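here is a sequence with its predicted model. Questions after.
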Amino acid sequence: MKKAIRLSIFLGLVACISTIALAAVNYVTSPIIREFQDAAFRAAVELAFPEAGSFEVIATEEDVYSNYIVSVLQIFDNDGETIGYIYEKSVPGFGGAISYVMGIDIDGVFTSFNVLSHSETPGFGARIVTETEFEERLVNNYAGNPVDILTGATATTTPIIRAVGDLYQDFLTRR
């Protein structure tokens with residue numbers, strides 16, 4: 001009985017120390033990770049609309065209750081005219097959430113597709129990042145046109161293609 005109590009106290013202390021250590025690491029690394037994510041997002045916006053003068057966040061996930069939308073940015077040229085929208089979305093993939101940014105110009109043509117983060121299987125679902133084939137199917141394509149999935153990466157590309165359709169429907173309500 002005495003040995004069980006000692007073991008329980010020891011395990012409790014190990015759990016407390018581990019929790020404090022993880023919290024400290026999270027506290028130190030969170031700002032660095034967020035800064036990296038912000039830089040990747042800014043680069044994706046610049047890639048989608050290099051001629052952009054400014055942008056305004058017009059919706060966040062609190063405003064949009066479906067379609068896996070994280071945020072929507074309205075993009076303006078230097079004269080203040082709307083030239084398109086940037087959608088940040090997060091959809092469930094095979095290995096976990098896939099976060100990406102997609103640009104759509106005012107005419108309904110996709111201008112970019114950039115994956116910000118994913119947990120997909122290397123060689124299969126990760127092909128959405130490592131190969132340009134899927135991006136080429138989307139970019140410079142009219143948003144209403146169908147897009148084929150990647151062979152061997154069905155569980156990854158299918159939710160993205162469905163979300164692209166939802167994105168297009170949301171775009172139609174905004175323009």
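Thanks, I have the structure now.

center of this protein - which residue?
The structure's the chain has its C-alpha centroid closest to S99; by C-alpha atoms, centre = their mean the separation is 2.0 Å.

and the gap between that one and L116?
Computed with C-beta to C-beta, to the nearest Å, the distance linking S99 and L116 is 4 Å. Every residue, glycine included, has its C-beta placed from N, CA and C.

what sits in contact with each of those two?
Common neighbours of S99 and L116, using C-beta atoms under 8 Å, 6 or more residues apart in numbering, are E88.

check the offset of the helix or strand harbouring the residue nearest to the centre of the chain from the chain's centre.
Following DSSP states H and E, the helix or strand that holds S99 is strand 97-105. A distance of 6 Å separates the centroid of the chain from that of strand 97-105, by C-alpha atoms, centre = their mean, to the nearest Å.

each with direction, which strands does the next helix-or-strand element following it pair with?
Once strand 97-105 ends, the next helix or strand along the chain (criterion: DSSP H and E) is strand 110-117. Paired with strand 110-117 in the same sheet, following DSSP bridges, are strand 97-105 (antiparallel).

residues touching the partner strand, excluding its own?
Defining contact as C-beta under 8 Å, 6+ apart, one finds that strand 97-105 is touched by 41, 44-45, 47-49, 70, 75, 83-92, 110-120, 128, 138, 143, 156, 159-160, 164, 167-168, 171.

show me which of those are buried.
41, 44-45, 48-49, 70, 75, 83-91, 110-116, 118, 120, 128, 138, 143, 156, 159-160, 164, 167-168, 171 (16 or more other C-beta atoms under 10 Å).

now stretch 162-172 - C-alpha only, CSV.
As requested, the backbone C-alpha atoms of stretch 162-172 are provided in CSV (Å, rounded to 0.1, in the frame of the first residue of the first chain):
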residue,chain,number,x,y,z
ARG,A,162,-16.1,20.3,-52.6
ALA,A,163,-14.9,23.3,-50.6
VAL,A,164,-13.9,25.1,-53.8
GLY,A,165,-17.6,24.7,-55.0
ASP,A,166,-18.8,26.2,-51.7
LEU,A,167,-16.2,29.0,-52.1
TYR,A,168,-17.6,29.8,-55.5
GLN,A,169,-21.2,29.9,-54.1
ASP,A,170,-20.0,32.3,-51.4
PHE,A,171,-18.2,34.4,-54.0
LEU,A,172,-21.4,34.7,-56.0
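
filter the buried ones among the contacts of strand 97-105 down to the ones in strands?
Judged by DSSP state E, the subset of these located in strands is 70, 75, 83-91, 110-116.

where does the prediction get shaky in the protein?
For the chain, residues meeting the criterion pLDDT under 70 lie at 61-67, 94-95, 117-135, 142-157.

for it, what spans make up the helices?
Listed in chain order, the helices of the chain (DSSP state H) span residues 2-48, 127-130, 133-138, 154-174.
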